[in-house]
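[1] Provide a 3D model corresponding to the input given below.
(one chain, ligands or ions: 1)
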Amino acid sequence: MTTSTTSDLGTNWAGNHTYAARALLTPGSVEELQEVVAGADRVRALGSRHSFSDLTDTDGVLVDLSGLPRDIEVDEGALTVRVGGGVRYGDLAVALERAGWALANLASLPHISVAGAVATGTHGSGDRNQSLSASVVSLDLVGPDGSLRTVRRGDDDFAGSVVALGALGVVARLELDVVPTYLLRQEVRTGLRWEAVERDLDAITGAGYSVSMFTHLDDEEVAQLWVKTHADAPPLADAVGLVGTVAAPQTRHMLRGVAVDAVTAQGGEPGPWLDRLPHFRMEHTPSNGEELQSEWFVGRPDAVGAIRAWRGALAPYVGLVQVAEIRTIAADDLWLSGAYRRDSVGFHMTWLRDEPAVRTACRAVEAALAPYAARPHWGKVFETPREELVRVHPRLSDFAALRERVDPEHVFGNAFLDRVLPEGAEV
Ligand SMILES: Cc1cc2nc3c(=O)[nH]c(=O)nc-3n(C[C@H](O)[C@H](O)[C@H](O)COP(=O)(O)OP(=O)(O)OC[C@H]3O[C@@H](n4cnc5c(N)ncnc54)[C@H](O)[C@@H]3O)c2cc1C
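    A predicted model of the protein is given here:
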């Protein structure tokens with residue numbers, strides 16, 4: 001096991017949070033992990049550091065699971081894969097592809113850890129694609145006393161235990177749904193006007209398996225429409241011709257003036273799912289690394305009203321936005337998911353890295369989206385107060401009660417959970 005002390009724990013990926021934990025431990029086995037947790041008064045799991053706040057931190061010990069065995073094992077009968085708690089999606093995807101299997105969806109980048117992504121309700125896009133968390137079949141959790149327990153889909157506590165913000169224990173292993181490998185095409189189109197988005201939103205988001213709209217919010221045109229379609233689906237032009245878009249003549253980065261090496265192949269050439277679903281290639285730094293991110297989810301029927309409100313609220317802050325993205329996420333049943341029981345539209349912002357200004361802008365967006373009961377992405381920057389979180393997340397109090405039952409001493413507690421979870425939860 002390797003140990004680091006506070007002076008060298010470093011920051012999150014975005015550099016806007018310096019970890020304040022007493023130490024960082026890297027256990028080499030699940031048994032070592034259990035010993036660390038059993039011996040700690042406060043402990044939390046560190047994933048791949050891609051969340052944008054103090055969500056991951058602790059005043060106790062951080063455990064980095066990248067030293068655990070990867071343990072990637074497909075069960076072809078059950079259509080699942082077992083995977084160690086420190087594995088990143090990019091590595092899992094390569095192993096699955098080699099064996100002829102695939103995941104139904106991925107986020108915009110493959111660099112994130114599976115356990116960390118699942119803990120915050122991370123998602124990709126697609127009218128029929130649920131969050132990545134919804135593909136979890138089971139979790140092996142190390143509880144506050146170091147014991148290992150399995151929570152499976154169908155168990156009473158399962159729906160509360162997947163998007164769990166690290167509050168219920170350290171996930172040592174997960175089991176995920178898999179599908180046979182598939183080929184996708186990725187095409188980028190331009191010329192999409194906001195009036196077409198308002199008029200034809202269903203046609204646009206339904207034009208492919210996974211669709212993203214990128215905008216800089218300073219124009220009457222949405223800057224880019226990224227459409228990922230199954231290789232055997234009809235040509236895209238038929239589907240989106242009605243909204244007046246044209247194929248981009250060259251590869252595009254969604255950020256202005258940034259070299260295109262980091263983005264996955266465009267231009268409609270079919271390729272394996274893992275090389276088309278993420279926007280960014282595994283071997284490159286995603287995005288530009290000098291940024292903060294926020295995202296809010298609203299119910300699909302509210303999408304058009306929310307788009308207007310969101311654009312209006314952001315008008316004074318356009319200079320702070322590097323790029324914004326609109327995606328769709330199918331409903332799931334996970335208590336703290338952004339898409340809990342509602343098909344959703346996500347409004348994402350990649351901001352400049354100016355946190356005070358970003359937090360001011362967040363408050364403006366949250367006020368504008370409040371009529372739509374917008375839920376913030378747990379892993380990104382938000383200002384939503386606890387009372388509003390209770391209003392928009394109908395199971396937040398149930399989650400707090402589950403946490404009291406599983407971790408009454410708050411061994412996995414931290415300042416973030418103190419801010420967001422309702423106080424005085426009863427078991
Ligand atoms: C460039 C970039 C692009 C992004 N793109 C997307 C996107 O397309 N879609 C989207 O929804 N989000 C996106 N995100 C947000 C990101 O997916 C989430 O913040 C995610 O939680 C990051 O996981 P992590 O392991 O890197 O983060 P960490 O900060 O390391 O961990 C996040 C949370 O998971 C917990 N955790 C980690 N490992 C474990 C474990 N083994 N057991 C229990 N709890 C654990 C941590 O304690 C913490 O609470 C993006 C972020 C970045 C930086």
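[2] His284 and Ala259 touch, don't they?
    No - judged on Cβ atoms under 8 Å, His284 makes no contact with Ala259 at a distance of 9.5 Å. Using the backbone N, CA and C atoms, a C-beta is placed for each residue, glycine as well.
[3] Of the two, which one has the most company?
    His284 (14 against 11; other Cβ atoms under 10 Å).
[4] tell me the pLDDT at the closest residue to the more buried one other than its chain neighbours?
    With Cβ to Cβ, 6 or more residues apart in numbering as the criterion, His284 has its nearest non-adjacent residue at 3.8 Å, and that residue is Ala262. Predicted confidence (pLDDT) for Ala262: 87.
[5] Go ahead and confirm Ala262 touches Arg281.
    Yes - judged on Cβ under 8 Å, Ala262 makes contact with Arg281 at a distance of 6.0 Å.
[6] any idea how far Gly10 is from Asp54?
    Distance, Asp54 to Gly10, by Cβ to Cβ, to the nearest Å: 14 Å.
[7] So which of the two has more stuff around it?
    Just comparing Asp54 and Gly10: by other Cβ under 10 Å the higher neighbour count belongs to Asp54, 17 against 12.
[8] So what does the more buried one have for phi and psi?
    Phi and psi for Asp54, reported as degrees, to the nearest 10, are phi -80, psi 10.
[9] Tell me where the stretch 201-350 of the chain has strands.
    In the stretch 201-350 of the chain, the strands defined using DSSP state E, counting those that start in this stretch lie at 210-215, 221-222, 224-230, 246-247, 271-272, 292-299, 321-329, 344-351.
[10] Next, count neighbours for the closest residue to Arg419 other than its chain neighbours.
    The shortest distance from Arg419 to any non-neighbouring residue, by Cβ to Cβ, 6+ apart, is to Arg386 (6.7 Å). Other residues near Arg386 come to 14 when the count uses other Cβ under 10 Å.
[11] Arg386 contacts Pro422, doesn't it?
    Yes - using Cβ under 8 Å, Arg386 makes contact with Pro422 at a distance of 6.6 Å.
[12] Contact partners for the residue nearest to Arg419?
    By Cβ atoms under 8 Å, 6 or more residues apart in numbering, the contact list for Arg386 reads Arg419, Val420, Leu421, Pro422.
[13] and which of these is nearest to the ligand?
    When the contacts of Arg386 are ranked by distance to the ligand (Cβ to the nearest ligand atom), Val420 comes first, at 11.3 Å.
[14] what are the phi and psi values for the residue nearest to the spatial centre of the chain?
    The centroid of the chain falls nearest to Thr122 when counting by Cα atoms, centre = their mean (2.0 Å). Backbone torsions of Thr122, given as degrees, to the nearest 10, read phi -60, psi 150.
[15] and it, what does it touch?
    If a contact means Cβ under 8 Å, 6+ apart, then Thr122 has Ala107, Ile112, Ser131, Leu132, Ser133, Gly379 as its contacts.
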